[in-house]
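Colleague: Kindly return the folded structure for what I paste below:
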Amino acid sequence: MKCVILAAGYATRLYPLTENFPKPLLTVGEKTILDWLVDDIDTAGEVDEYVVISNHKFAHHFENWAKTKSQKITVVDDGTDSNETRLGAVKDIQFAITTLGLDDDMLVIAGDNVLDFSLTEFIAYAKEKNASAIMRYYEADEKKLLKCGVVTIDENDKILNMTEKSPTPATHWCCPPFYYYTKENAKLVQKGIDSGCGTDAPGSYIAWLSTKTPVYAMEMPGKRYDIGNLESYERVKAEYTGITR
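Modeller: All right, here's what the predicted structure looks like:
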């Protein structure tokens, strides 16, 4: 299995902190955000390569970080150098697939999230389902629902409908940026793009895919800490105590 880490954004809301430094390499506690994610995922023993998709501006930072890790980490530079010219998450995923010739099951995650639970449970869930999968959590705040992917599921967790940033969310099940693609479904990303699925939000591909094949949504077993601006970053640094479940 390959783990594809989306890290090509510019985190403009965290300026000046991230003006010349990537958000995923900010420190929370004794580790960078990426260290927390990769070190946890690696305990599953399923991933044989981590692929970090970066923009051109920050690629060298990730390459230097990769040299400090024991895991096999490949940094892919998507060639963009500004927030205005970014490819968007779905096109970045396809860029990595094409550039590296990826042909495997894929765990696709945003590289700027801090979690208090292990992602190994999500990997096990997707493998048990033998299908592509996402996670979901209950979001009570209707204003926050307008800014994220929202999913409707049946009694077996199968996705019935998924929308990205809908003005009229159908449920309170919000989808964080963690996805599992089967090898077969990873081959369909370009078809999704060609069919007109959104390319900015990473969940847009899953929204399209779920209309073509069964995709399941596991309830998130813990908390995701959102680092959206300088204030929230300081709060996470003060509150975060590591992976506790």
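Colleague: Can you flag the residue of this structure lying furthest from its geometric centre?
Modeller: Distance from the C-alpha centroid of the chain, by C-alpha atoms, centre = their mean, peaks at Glu155 (25.2 Å).
Colleague: residues of the helix or strand of the chain with the lowest mean pLDDT that come out buried?
Modeller: For the chain, the helix or strand with the lowest mean confidence is helix 142-145, at a mean of 85 (criterion: mean pLDDT, DSSP states H and E). Within helix 142-145, the residues that count as buried by 16 or more other C-beta atoms under 10 Å are Leu145. No exception for glycine: its C-beta is placed from N, CA and C like everyone else's.
Colleague: ok, now stretch 190-199?
Modeller: Of the residues in stretch 190-199, those with enough neighbours to count as buried (16+ other C-beta under 10 Å) are Gly192, Ile193, Cys197, Gly198, Thr199.
Colleague: what's it in contact with?
Modeller: Outside stretch 190-199, the residues that touch it by C-beta atoms under 8 Å, 6 or more residues apart in numbering are 87-91, 94, 97-98, 164, 204-205, 207-209.
Colleague: closest to Val150 among those residues?
Modeller: Distance to Val150, by C-beta to C-beta, is smallest for Glu164 among the contacts of stretch 190-199, at 8.1 Å.
Colleague: Return the list of helices and strands in contact with the longest helix along the chain.
Modeller: Looking across the chain with DSSP state H, the single longest helix is helix 89-100. Where contact means 3 or more C-beta pairs under 8 Å, 6 or more residues apart in numbering; DSSP states H and E, helix 89-100 is packed against strand 2-7, strand 49-54, strand 73-77, helix 189-194, helix 203-209.
Colleague: Direction included, what does the third one pair up with?
Modeller: In the sheet containing strand 73-77, its partner strands are strand 49-54 (parallel), by DSSP bridges.
Colleague: relative to strand 2-7, how tilted is the strand it pairs with?
Modeller: Here strand 49-54 points in a direction 20 degrees away from that of strand 2-7 (axes from the mean of the first three to the mean of the last three C-alpha atoms, to 10 degrees).
Colleague: Give me the next element, helix or strand, following strand 49-54.
Modeller: helix 59-66 (DSSP states H and E).
Colleague: Report all helices and strands that that next one contacts.
Modeller: With 3+ C-beta pairs under 8 Å, 6+ apart as the test, helix 59-66 has strand 49-54, strand 73-77 packed against it.
Colleague: most neighbours per residue, which of the ones you listed?
Modeller: strand 49-54 (a mean of 24; mean count of other C-beta atoms under 10 Å).
Colleague: What would it look like as CSV? C-alpha coordinates only.
Modeller: Once non-C-alpha atoms are left out, strand 49-54 reads as follows in CSV (Å, rounded to 0.1, in the frame of the first residue of the first chain):
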residue,chain,number,x,y,z
GLU,A,49,6.1,3.9,0.6
TYR,A,50,5.0,7.4,1.6
VAL,A,51,4.5,9.9,-1.2
VAL,A,52,4.5,13.6,-0.2
ILE,A,53,3.0,15.9,-2.8
SER,A,54,4.5,19.3,-2.5
